[in-house]
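Participant: starting from these lines, generate the structure:
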Amino acid sequence: MTSLTPQEIVIMLEQHKKWLRNPKEGKQAVFKQVDLSGANLEGAKLQKSVFSGCRLSRAILRGANLISADLFAVDFTKADLTNALLIRADLRGAELRGARLNGANLQEADFRGGSMILAGGKTVTFGSSNLSDSDMEDVIAEKANLTGANLSGAQLTNANLAYSQLGGADLSGSHLENASLLGADMSNCNLANSNLKGADLSDSNLSGANVEGCELSSAILRGANLDGVELEEDQKIKKVEAVAPTATPISPNLKAILELHFKWVASNGGSGERADLQDMDLSNMDLSNCALSGANMRGSDLSNTNLQGSQMVMTDMSHCKLLNVNMSNTVMEGINLTRANLSKANLTGAMITAVDLKGPKGEPMGKKWPANLAATDFRGAILKNADMTEANLIDANFLGADLTGAVMKNAIIEDTKFDPQ
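Facilitator: Predicted coordinates for the structure are as follows:
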């Protein structure tokens with residue numbers, strides 16, 4: 001294992017930047033089997049770089065761009081990869097035990113095992129990646145290959161693991177609350193003592209999985225393959241409840257919060273109080289035609305809720321679970337829906353445009369605030385005649401969505417996923 005001086009590292013990073021702009025200039029960053037433990041590479045542009053066999057334990061890589069990077073057998077133990085871009089990265093055999101991956105994008109990343117030939121011709125074989133006890137809340141790992149990976153004890157709350165390959169993976173003791181596992185292959189997976197409360201397991205393959213002591217309350221199991229799975233009696237009951245939810249009455253406490261919020265909206269903040277509904281379970285409720293503009297609903301579960309005709313101008317609904325929600329004809333100017341799951345939602349005629357900002361006295365400020373739909377999941381949603389003018393649609397997923405008559409004038413569609421024409 002070799003080492004580099006800080007000056008050498010900086011020069012390599014600068015050369016890599018030039019190489020990315022023009023392969024005829026600069027030089028690709030190749031750090032094979034280099035000890036970079038504790039290095040600060042925060043925000044570095046390292047797409048298509050090579051770090052195979054490197055030691056990056058406890059390194060700081062917050063917000064780093066590692067798209068399509070060669071990270072084969074890299075030691076990321078306790079590294080900080082918060083919000084890092086690891087799309088299509090080769091992470092075969094990587095050691096990520098205790099790493100922080102909050103908000104990281106791991107779409108189509110490869111975590112399988114593999115072999116490496118060292119100097120002298122010696123071949124070393126690495127097992128599937130070790131992500132045990134890692135912090136992966138809000139991670140996007142759609143279509144990632146995690147076959148046989150060790151994710152025991154991992155924090156995966158609100159993670160997007162839709163259509164990922166988790167066959168034979170160890171998820172024992174993991175936290176998967178409200179995670180999206182739609183269509184995931186979890187055959188022969190070890191889910192013993194894991195928490196899947198509120199998780200979406202629709203159309204997933206759980207054949208042969210170990211679910212002993214697994215928390216499945218309010219989990220969605222529609223269309224899931226449960227062949228060979230021995231569900232306990234309470235898990236069977238919860239499965240039925242998840243498949244056929246009943247309407248949830250609005251509690252007196254929630255009614256009081258909403259009444260104060262309605263006053264707050266009507267008075268432009270002069271009276272009443274802004275609703276703080278963060279991380280609340282609002283699923284299956286009838287909130288149609290409600291004045292919810294400006295409310296804090298971040299991370300809440302509104303699956304199967306009726307929000308038809310509601311006013312949600314500049315409402316924070318980021319990270320919300322909105323499966324099968326009815327948001328038809330809603331006004332959502334300037335709304336924040338980043339990383340929300342709107343799979344199979346009805347947004348017919350919804351207005352998801354920019355809002356004209358106003359001052360404390362209601363005076364126009366001459367500025368607009370666009371709707372934020374970055375990394376939002378609209379798979380299978382109905383968006384007929386929805387208006388998304390000027391919206392931020394970076395990394396949004398519209399696969400299988402009905403976009404008949406939808407308007408996206410001046411919307412930002414970088415890396416947005418649409419069905420092939």
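Participant: which one is L36 nearest to, not counting chain neighbours?
Facilitator: Nearest non-adjacent residue to L36, counting by Cβ to Cβ, 6 or more residues apart in numbering: L56, 5.1 Å away. Using the backbone N, CA and C atoms, a C-beta is placed for each residue, glycine as well.
Participant: so the one you found is in contact with V74, correct?
Facilitator: Yes - at 5.7 Å, L56 counts as touching V74 under the criterion of Cβ atoms under 8 Å.
Participant: and the residue nearest to L36, what pLDDT?
Facilitator: For L56, the pLDDT comes out at 94.
Participant: now the one 3 residues further on
Facilitator: Residue-level confidence at A59 comes out at 92, pLDDT.
Participant: now E25
Facilitator: With respect to pLDDT, E25 scores 87.
Participant: kindly report the same for E233.
Facilitator: pLDDT, read off for E233, is 64.
Participant: same check, this time on the one 10 residues further on
Facilitator: On pLDDT, V243 comes in at 42.
Participant: kindly report the same for the one 5 residues further on.
Facilitator: T248 carries a pLDDT score of 70 in this model.
Participant: residues contacting it?
Facilitator: Going by Cβ atoms under 8 Å, 6 or more residues apart in numbering, T248 touches L282, S283, N284, M285.
Participant: neighbours around the first one, how many?
Facilitator: Right, the one you point to is L282. Neighbourhood size, L282 [other Cβ atoms under 10 Å]: 21.
Participant: the third one too?
Facilitator: Using other Cβ under 10 Å as the criterion, N284 is surrounded by 17 other residues.
Participant: my guess is it meets D301, correct?
Facilitator: No - counting by Cβ under 8 Å, D301 is not a contact partner of N284; they are 9.5 Å apart.
Participant: so where's the longest strand in the protein?
Facilitator: For the chain, the strand with the greatest residue count under DSSP state E is strand 364-369.
Participant: report all helices and strands that it contacts.
Facilitator: Judged by 3 or more Cβ pairs under 8 Å, 6 or more residues apart in numbering; DSSP states H and E, strand 364-369 is in contact with strand 355-358.
Participant: can you give me the strands for this structure?
Facilitator: 114-117, 123-126, 355-358, 364-369.
Participant: low pLDDT regions in the protein?
Facilitator: Residue ranges of the chain with pLDDT under 70: 113-128, 233-247, 358-363.
Participant: got the contact list for the residue nearest the centre of it?
Facilitator: Closest residue to the average C-alpha location of the chain: I140 at 3.7 Å, with Cα atoms, centre = their mean. Residues near I140 by Cβ under 8 Å, 6+ apart: G103, A104, N105, L106, Q107, A159, N160, R339, A375, D395.
Participant: just the closest of these to L260, please.
Facilitator: Nearest to L260 among the contacts of I140 is R339, at 27.9 Å by Cβ to Cβ.
Participant: tell me how many other residues crowd the closest one.
Facilitator: Residues near R339, counting by other Cβ under 10 Å, number 22.
Participant: name all residues that make contact with it.
Facilitator: D138, I140, N158, N160, S318, H319, A374, A375, T376.
Participant: and if you look at A69?
Facilitator: L46, Q47, K48, S49, V50, F51, L86, A89, D90.
Participant: do D200 as well
Facilitator: D200 makes contact with A179, S180, L181, L182, A219, I220, K321, L323, N341, S343, according to Cβ under 8 Å, 6+ apart.
Participant: just put the residues you listed in JSON lines and tack on distance to C189 and neighbour count.
Facilitator: Output for these, formatted as JSON lines (distance: Cβ to Cβ, whole Å; neighbours: other Cβ atoms under 10 Å):
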{"residue": "A179", "distance to C189": "13", "neighbour count": "31"}
{"residue": "S180", "distance to C189": "16", "neighbour count": "28"}
{"residue": "L181", "distance to C189": "10", "neighbour count": "28"}
{"residue": "L182", "distance to C189": "15", "neighbour count": "28"}
{"residue": "A219", "distance to C189": "14", "neighbour count": "26"}
{"residue": "I220", "distance to C189": "17", "neighbour count": "27"}
{"residue": "K321", "distance to C189": "22", "neighbour count": "28"}
{"residue": "L323", "distance to C189": "22", "neighbour count": "24"}
{"residue": "N341", "distance to C189": "21", "neighbour count": "28"}
{"residue": "S343", "distance to C189": "21", "neighbour count": "24"}
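Participant: got the residue ranges for the helices in the stretch 101-250 of the chain?
Facilitator: Using DSSP state H, counting those that start in this stretch, the helices of the stretch 101-250 of the chain run over residues 233-243.
Participant: next, the buried residues of stretch 89-103.
Facilitator: 89-103 (16 or more other Cβ atoms under 10 Å).
Participant: same question for stretch 258-265.
Facilitator: Buried residues in stretch 258-265, counted by 16+ other Cβ under 10 Å: L258, H261, F262, W264, V265.
Participant: which residues are in contact with the second one?
Facilitator: This points to H261. Applying Cβ under 8 Å, 6+ apart, we find H261 in contact with G272, E273, R274, A275, A291, L292, A295.
Participant: now the fifth one: how far from G349?
Facilitator: When distances are taken as Cβ to Cβ, to the nearest Å, A291 and G349 turn out to be 18 Å apart.
Participant: equivalent analysis for the fourth one, please.
Facilitator: A275 sits at a distance of 25 Å from G349 (criterion: Cβ to Cβ).
Participant: comparing the two, which shows the higher neighbour count?
Facilitator: Counted by other Cβ under 10 Å, A275 and G349 do not tie: A275 has more neighbours, with 25 against 18.
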